[in-house]
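[1] 3D model of this:
(one chain, ligands or ions: 2)
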Amino acid sequence: MSRLYQRPRWQWVTVAVPVLLLVSCSSTAETDSSTAPPAPSTTTTSVTGGSVTSTTTTPVASTEPATTTTTTTTTTAPQLDTYLVAGNTCLLGWWDGDWQAGEDLPVSGAEQYQVVRLDEPIGTTEGSGPGLHCDPLDLVSVEFDPPIPGDFLEVDALAIQTQGAVRPHPVEMLGTSTPAYMEATAELLEGRVAPVPIINLTQVIRTDLEGDGIEEVIVSASTIPDDLLSAQVGDYSIVYLRKLIEGEVQTAILGESIVQDLDKLLQELAIFEVAAVADLNGDGKMEIVVNGTVWEGAFLQAWEYVDDDLGPVDVLSCGCGS
Ligand SMILES: [Ca+2]
Ligand SMILES: [Ca+2]
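    Numbers count the residues shown, from 1 in each chain. Ligands and ions are numbered 1, 2, ... in the order given. You can find the predicted model right below:
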């Protein structure tokens, strides 16, 4: 018997999310940026050729003869790696110790990216410097050569600027008629969609997000037609994560749209699928990126599973559309 996780950050995602994203059509990072404690005023640090040089200077009072002691130590630093993450729809943002979003992209062009989606082989591509995209909104993003698979309104692959392991744990696609997840989806939708709808799974993804030896499952299900406009009351699209916590299956919604009022059809409609499962920040734990298709637009949301207390947290999102 499964139950819904009741922690605050695991609450339902409403359809207002894609609408708001398309209004702003910009990237956001929800994780607060923390400022590291300032280095002692007597220490300066420089980075040269992959090494860090720390210089400690002992100041002297201006009335004393000038005696300055300088100690220099050199240690090997890891390669600078910003983990910039982009899809065809838009550029999600990057990781530099915190999740970041905005127009000041940490690239100049000719950077190498890994291309990852679900269980497909990992590819490579090269990114351009920052440029304006999503005409006429002119959002700052990059172009890729060769292009990453998918297109604007289809589920994206992701390009991730890193040489690290973007898929540190295997990702396996299960059949979309797997009885256990048909039943789990029916149980989840019961009471949320009336009458009990047709269960139509579109993705069943099994993986071990953090590599703790316990597999998670991500399920997408939808009855909303691709043209959106022919949707009927009771149609739905949903993506959810099932995770075993302390011996009990917990469920968290990562995207949800249920058609409840035809008069509000366009505002409510979004078709959700998982675009990619990949480690977006090099900590060995994989994030889940959900793609939402809306009327004449699309968006991406990246969910980081923080811990069993917070559950999945929406850390980056972006959108492009009319
Ligand atoms: Ca796990
Ligand atoms: Ca990660």
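[2] check the gap between residue 166 and ligand 2 for me.
    As for residue 166, its distance to ligand 2 is 10 Å (criterion: CB to the ion, to the nearest Å). Glycine gets a C-beta too; all of them are placed from N, C-alpha and C.
[3] can you read off the pLDDT for that residue?
    For residue 166, the pLDDT comes out at 97.
[4] for it, what are its contacts?
    114, 116, 122, 160, 278-280 (CB atoms under 8 Å, 6 or more residues apart in numbering).
[5] and it, helix, strand or coil?
    Following DSSP: H, G, I helix; E, B strand; the rest coil, the label given to residue 166 is coil.
[6] please tell me how far it sits from ligand 1.
    17 Å.
[7] in the stretch 51-200 of the chain, what residue lies closest to ligand 2?
    Proximity of the stretch 51-200 of the chain to ligand 2 (CB to the ion) peaks at residue 95, 8.1 Å away.
[8] report the beta-bridge partner residues of that residue.
    On the basis of DSSP bridges, residue 95 is bridged to residue 99.
[9] flag the shaky bits of the protein, pLDDT-wise.
    1-81, 151-155 (pLDDT under 70).
[10] please redo it, this time with the cut-off set to 50
    1-26, 31-80 (pLDDT under 50).
[11] do you have the helices of it handy? List them.
    16-24, 179-189, 265-268 (DSSP state H).
[12] can I get the CA coordinates of the shortest one in CSV?
    As requested, the backbone C-alpha atoms of helix 265-268 are provided in CSV (Å, rounded to 0.1, in the frame of the first residue of the first chain):
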residue,chain,number,x,y,z
LEU,A,265,-8.9,24.8,-21.2
LEU,A,266,-5.9,26.6,-22.5
GLN,A,267,-4.8,27.8,-19.1
GLU,A,268,-5.0,24.4,-17.6
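[13] elements contacting it?
    Here helix 265-268 touches no other helix or strand, going by 3 or more CB pairs under 8 Å, 6 or more residues apart in numbering; DSSP states H and E.
[14] identify each buried residue in that helix, please.
    Counting neighbours by 16 or more other CB atoms under 10 Å, one finds that the buried residues in helix 265-268 are 265, 268.
[15] ok, residues contacting it?
    15, 19, 228-229, 231, 257-261, 295.
[16] how far out from the middle of the chain is it?
    24 Å (CA atoms, centre = their mean, to the nearest Å).
[17] could you show which parts of the stretch 201-322 of the chain are in contact with ligand 2?
    Counting by CB under 5 Å from the ion, the stretch 201-322 of the chain comes close to ligand 2 at 279, 281, 283, 285.
[18] now render the contacts of residue 166 as CSV, adding neighbour count.
    Output for the contacts of residue 166, formatted as CSV (neighbours: other CB atoms under 10 Å):
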residue, neighbour count
114, 19
116, 26
122, 14
160, 26
278, 27
279, 24
280, 28
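[19] just the ones of those residues in strands?
    114, 116, 160, 278 (DSSP state E).
[20] which residues touch the last one?
    So that's residue 278. 116, 158, 160, 166-167, 286-287, 289.
[21] quick revisit: please identify which pair of the ones in strands among the contacts of residue 166 lies farthest apart.
    Greatest spacing in the ones in strands among the contacts of residue 166, by CB to CB: 114 and 278 (8.4 Å).
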